[in-house]
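could you work out the structure for the sequence below:
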Amino acid sequence: MSQLLLENPLLLLFVIAALGYLFGSIQINGNGLGVAAVLFVGLFFGAWNPEFEIPAIVFSLGIVLFVYSIGLNSGPAFFSSIQKNGLRDILFSIAMLTIMAAMTGGAGYLLNMSKETIVGIYTGSTTNTPALAGVLNYISERPALAGDGSMVENAVVAYSYTYPMGVIGGLLAIVLMEKIFRINYDEEVENVDERYFIESRPVSATVLVAKDNMHGVKLRDLKNKNNWNVVFGRIYRDDFGFFLSNWDTILQKGDQIMVVGSQATIDEVTDTLGIKEDRSIAYDRKDYDVRTIFVSNHHVVGQSISSLNLYEKYDAVITRIRRGDAEILATSETVLELGDRIMVVAHRDDLERLCKYFGDSYYNSSKVNLFTFGLGIALGLLLGLAEIKLPGGISLKLGIAGGPLIVGLLFGYLRRTGPIVWTMPYSSNVLLRQLGLILLLATIGVRSGGSFIESLQGGAGLTIFALGAGVSILTAMLTLLIGYKLLKIPYGIIMGYISNQPAILEFGLGRSKNMLPLQGYTIMFPIALILKIIYAQLLFLVL
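Next up, the predicted model:
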């Protein structure tokens, strides 16, 4: 069996992927490793036979698919978070990364380790391959340092010893601090600060306009005055019947109006307008009906709902959007994405025309545009190859992780450029992200399995392993402690901050069962990636 897998690396890859997924799906007390189990299965196979090897191109392909997909999906949230959160969270992350670099450098210096070994420990503990590559490139370009190649070998060995604990340490810290703080993820996501862009699931209610001071008031004036994030749907008026509201609608006492939004906002609307009706007018569909339509027409993708001018073309209003597993409120500023399922309230005569307008094709809404996908990744790889010169002779490259991530974030934020749509359907994005993650985790596991076991057998390897483990666990716990207790940042968000490796992110997403870890990850990963590259070279130059 061992020889068969040795001669067929593709077979080895998919055996690891299959077993990893199987073990990751096992739940103990409601908890499981998820996709992160692929890494541990890879470590087992690498330890079983150190000669096992998966081609390096598989790792490169995996990380490119993962970071580019993450970037496309998270671009809007990333730039909005930077604007809303200001400098506090960013400075906090920079401070913790600085502490980690100082801790590694100081401990390595006291233990009389060589500077290349310290750099290897730092880059392995932070699971940052581009940072290691930057230092190795710096050494190789200087013959006096390159010498017999021992510097490069020492750095790579230290990196391989500490990389597994860079992942395991983060997982242990998350579980340990979660127990200490008694985190309730469901409660946290319901009460999360609005700066972090987790929207409550929209609900609907029929509100009776019963207050005298609301008679003759325009809906637009009410929304602007109260800053309500709601959608007003159909209205029933005794002497008129049903009609759809718009922002120019003037309320009359006795109107029954459908309101869609968060429960808290609907309660505010009800208190302002009058009382909540027990019977919803949504059940009356004689003239107006509700339909869910797939967005598959590329001409409307990347456009805000207000820019479509639906009121001028149809007697219709979009009330909510289903995007993946999330249901979001369809405000005028909401931008449509390929694969969205929009809930439309419209006059029966307009329903078929609306289906044609938005496309309503599941097949077309699931396809990936290989031209824009390939072009985006190619531009990201070119950006990753660009060398950035810094004072003091330091040079860095963003590499195959940083370049595609930054381009993905930018294109995800833009969504479209003229007729070119950069984004992908949600389902396709998830598939490519999962595929990329499995490829890179399996490769890393096989690479590191042998050195992981070897480091546990004593000698210098055990010291390197222990230092890497201590740095990984302590800095992760310190980040969670300061961020959650002192700065009052949601625990799910901080899990994303310490997710220096995709396996940790997936583990956090699995435990929280919400998107808070992904929000934290996309805010900090680009900043952390660049800082780690700089700090790795600074450690090499200073020590």
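
H299 belongs to a helix?
No: with DSSP: H, G, I helix; E, B strand; the rest coil as the criterion, H299 is assigned coil and is not in a helix.

what's the burial count for it?
Using other CB atoms under 10 Å, H299 has 13 neighbouring residues. For every residue, glycine as well, the C-beta is placed using N, CA and C.

and the pLDDT for it?
As summarised for this prediction, H299 has a pLDDT of 89.

quick check: domain ranges of this protein?
Domain segmentation of the chain under automatic domain parsing yields 55-193+370-542, 195-366.

closest to M1 out of the ones you listed?
Shortest separation from M1 across these is recorded for domain 55-193+370-542, at 15.3 Å, computed as CB to CB.

out of the domains of the chain, nearest to L6?
Within those, the stretch nearest L6 is domain 55-193+370-542; the backing value is 11.1 Å (CB to CB).

and the domains of the chain, which one averages the lowest pLDDT?
Taking the mean pLDDT of each of these, the lowest value is held by domain 55-193+370-542, a mean of 82.

endpoints of that domain, how far apart?
Taking CA to CA, to the nearest Å, domain 55-193+370-542 runs 35 Å from one end to the other.

ok now that domain, how far from the chain's centre?
Between the mean C-alpha location of domain 55-193+370-542 and the chain-wide mean there is a distance of 13 Å, by CA atoms, centre = their mean, to the nearest Å.

distance of H347 from G412?
Taking CB to CB, to the nearest Å as the measure, H347 and G412 are separated by 35 Å.

more neighbours, these two?
Neighbour count, other CB under 10 Å: between H347 and G412, G412 has more, with 27 against 17.

for F181, see how far away the residue nearest to L176 when sequence neighbours are not counted is.
For L176, the nearest residue in space outside its immediate sequence neighbours is M477; the separation is 6.9 Å by CB to CB, 6 or more residues apart in numbering. Going from M477 to F181 by CB to CB gives 11 Å.

and those two? Which one has more around it.
M477 (19 against 13).

residues in contact with that one?
For M477, the contacting residues are 173, 176-177, by CB atoms under 8 Å, 6 or more residues apart in numbering.

now secondary structure, distance to T162 and neighbour count too, for the residues you listed, in TSV please.
Conversion of the contacts of M477 to TSV gives the following (DSSP: H, G, I helix; E, B strand; the rest coil; distance: CB to CB, whole Å; neighbours: other CB atoms under 10 Å):
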residue	secondary structure	distance to T162	neighbour count
A173	helix	15	23
L176	helix	20	14
M177	helix	21	22
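
mind putting the residues you listed in JSON lines, distance to M515 included?
Listed next are those as JSON lines, based on distance: CB to CB, whole Å:
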{"residue": "A173", "distance to M515": "21"}
{"residue": "L176", "distance to M515": "23"}
{"residue": "M177", "distance to M515": "20"}
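
ok, the nearest residue to Y426 once chain neighbours are set aside - contacts?
Closest residue to Y426 apart from its sequence neighbours, by CB to CB, 6+ apart: G324 at 4.5 Å. With contacts defined as CB under 8 Å, 6+ apart, G324 is in contact with 426-427, 430.

backbone dihedrals for G324, please?
In terms of degrees, to the nearest 10, the main-chain angles of G324 are phi 70, psi -130.

now do I275
For I275, the backbone dihedrals (degrees, to the nearest 10) come out as phi -140, psi 160.

contact partners for it?
For I275, the contacting residues are 207-208, 210, taking CB under 8 Å, 6+ apart as the criterion.

if we can go back for a sec, what comes up buried for the host helix or strand of the residue nearest to L176?
In the assignment (DSSP states H and E), M477 maps to helix 459-481. Using 16 or more other CB atoms under 10 Å as the burial criterion, the residues of helix 459-481 that qualify are 461, 463-473, 475-480.

how close does the most far-flung residue of the chain relative to its centre sit to G75?
Here the chain reaches farthest from its C-alpha mean at D239, the gap being 50.6 Å by CA atoms, centre = their mean. Distance of D239 to G75, given as CB to CB: 49 Å.

got it, and V344?
For V344, the distance to G75 (CB to CB) stands at 26 Å.

likewise for D238?
Between D238 and G75 the computed distance is 48 Å (CB to CB).

and those two? which has more neighbours close in?
Just comparing D238 and G75: by other CB under 10 Å the higher neighbour count belongs to G75, 23 against 9.

strands of the protein, residue ranges please.
Counting by DSSP state E, the chain has these strands, from start to end: 203-209, 231-237, 241-244, 256-261, 274-276, 288-294, 316-323, 326-329, 341-347, 387-390, 394-397, 416-417, 420-421.

closest to I489 out of the ones you listed?
strand 326-329 (21.6 Å).

elements contacting that closest one?
When contacts are defined as 3 or more CB pairs under 8 Å, 6 or more residues apart in numbering; DSSP states H and E, strand 326-329 sits against strand 316-323.

what does stretch 13-22 contact?
Taking contacts as CB under 8 Å, 6+ apart, the residues outside stretch 13-22 that touch it are 5, 35, 37-42, 45, 54, 58, 438-439, 441-443, 445-446.

any idea of the mean pLDDT in that stretch?
91.

what about it, distance to the chain center?
Worked out by CA atoms, centre = their mean, stretch 13-22 lies 24 Å from the chain centre.

give the buried residues for it.
With burial defined by 16+ other CB under 10 Å, the residues of stretch 13-22 counted as buried are 13, 15-17, 19-21.

got those as CSV, with distance to V167 columns?
Supplementary listing: the buried residues of stretch 13-22 in CSV, determined by distance: CB to CB, whole Å:
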residue, distance to V167
L13, 19
V15, 21
I16, 15
A17, 17
L19, 18
G20, 13
Y21, 17
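
and the residues you listed, which two are furthest apart?
L13 and Y21 (12.7 Å).

which of the buried residues of stretch 13-22 fall in helices?
Judged by DSSP state H, helices contain the following of these: 13, 15-17, 19-21.

who wins for most neighbours among the contacts of G324?
Of all the contacts of G324, the most densely surrounded is Y426 (21 neighbours; neighbours counted as other CB under 10 Å).

ok so, going back, go through the ones in helices among the buried residues of stretch 13-22 and name the one nearest G374.
Within those, the smallest distance to G374 is 22.7 Å, found for L13 (CB to CB).

quick one: the helices in the stretch 351-500 of the chain, in order.
For the stretch 351-500 of the chain, the helices defined by DSSP state H, counting those that start in this stretch cover 351-358, 362-366, 370-385, 399-414, 426-455, 459-481, 491-497.

just those: most buried one?
When those are scored by mean count of other CB atoms under 10 Å, the highest mean neighbour count falls to helix 491-497 (a mean of 27).

and the nearest residue to G20 once chain neighbours are set aside, what does it touch?
Here the nearest residue to G20 in space, its sequence neighbours aside, is V38; by CB to CB, 6+ apart that works out to 3.1 Å. Taking CB under 8 Å, 6+ apart as the criterion, V38 is in contact with 16-17, 20-21, 24, 437-438, 441-442, 445, 503.

nearest to Y109, of these?
Y109 has its nearest neighbour among the contacts of V38 in A503, at 30.0 Å by CB to CB.

the closest one and G169 touch, don't they?
No: counting by CB atoms under 8 Å, A503 stays clear of G169, with 11.6 Å between them.

L208 bridge partners, please.
On DSSP bridges, the residues paired with L208 through beta bridges are Q256, I275.

that one: neighbouring residues, count only.
As a burial measure, L208 scores 17 neighbours (other CB under 10 Å).

gap between it and L518?
Taking CB to CB as the measure, L208 falls 40 Å from L518.

just L398 next, same as before
Between L398 and L518 the distance is 21 Å, computed by CB to CB.

go on, S365?
For S365, the distance to L518 equals 22 Å [CB to CB].

for I504, which non-adjacent residue is spatially closest?
Of all residues beyond its chain neighbours, the one nearest I504 is G170 (4.2 Å), with distances taken as CB to CB, 6+ apart.
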